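Visitor: The amino acid sequence is not available; the structure is as follows:
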C-alpha cells in the first residue's frame, strides 16, 4: 500500500494485473470506453454523410428531371402558340379568298344578267325580224 501511495504521488498507478500505468485504472477504462464511443460516433457520422450524399444526389436528379419537364412544357406551349398563329394566318387567307370569290361571283352575276338581257334583246330583234317578213 505504501508503494502504491508513493507511485500515486508521482502520477503512476498499478492496474489489476499489477502493470504500471500513467492513468488511474478507472480513468483508463473510461478512456477506452470514450474511444469506443468516438468510433461509434464517427461510424454514425460517416453513415449520415453517406445518406445525406445520396439524398443530395437524388434531389439533384429530381431537379434535372423537373428542369427537363419544364423545358418540354415550354416547348409544347410555344408549339401550340405557333400552331395557333398558323391557323389564324390560314383563317385570314381563307377569309380573303372567300371575299375575292364573292366579288368574282358578283361580277359573274352582273355579267350573266347583262348576257341574259342581251339574249332577250337579240331574241326580240329576231322575233321582230321574222314577223316583218
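Guide: Cool, the structure landed. Computed from a prediction, not measured in an experiment: that's the story for all the values here.

Visitor: now the helices for the chain?
Guide: Assigned by DSSP state H, the helices in the chain fall at 2-9, 25-132.

Visitor: out of those helices, nearest to residue 19?
Guide: Closest of the helices of the chain to residue 19 is helix 25-132, at 9.6 Å (criterion: CB to CB). Every residue, glycine included, has its C-beta placed from N, CA and C.

Visitor: average pLDDT for the closest one?
Guide: The average pLDDT within helix 25-132 is 95.

Visitor: quick one on the thing from earlier: reformat the helices of the chain into CSV and put mean neighbour count next to each item.
Guide: Shown next, in CSV, are the helices of the chain (neighbours: other CB atoms under 10 Å):
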stretch, mean neighbour count
helix 2-9, 10
helix 25-132, 10
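
Visitor: can you put those in a markdown table and add distance to residue 19?
Guide: Formatted as a markdown table, the helices of the chain follow (distance: least, CB to CB, whole Å):
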| stretch | distance to residue 19 |
| --- | --- |
| helix 2-9 | 12 |
| helix 25-132 | 10 |
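
Visitor: Can you tell me how far residue 92 is from residue 99?
Guide: Distance, residue 92 to residue 99, using CB to CB, to the nearest Å: 11 Å.

Visitor: Next: residue 117.
Guide: Separation of residue 117 from residue 99 (CB to CB) stands at 27 Å.

Visitor: can you check residue 129 too?
Guide: Separation of residue 129 from residue 99 (CB to CB): 45 Å.

Visitor: One more: residue 66?
Guide: 49 Å.

Visitor: try residue 65
Guide: Shown here: residue 65 relative to residue 99, a distance of 51 Å by CB to CB.

Visitor: Repeat that for residue 91.
Guide: Going from residue 91 to residue 99 by CB to CB gives 13 Å.

Visitor: Repeat that for residue 73.
Guide: For residue 73 relative to residue 99 (CB to CB), the value is 39 Å.

Visitor: Likewise for residue 55?
Guide: Going from residue 55 to residue 99 by CB to CB gives 65 Å.

Visitor: And residue 113, how far from residue 102?
Guide: Going from residue 113 to residue 102 by CB to CB gives 16 Å.
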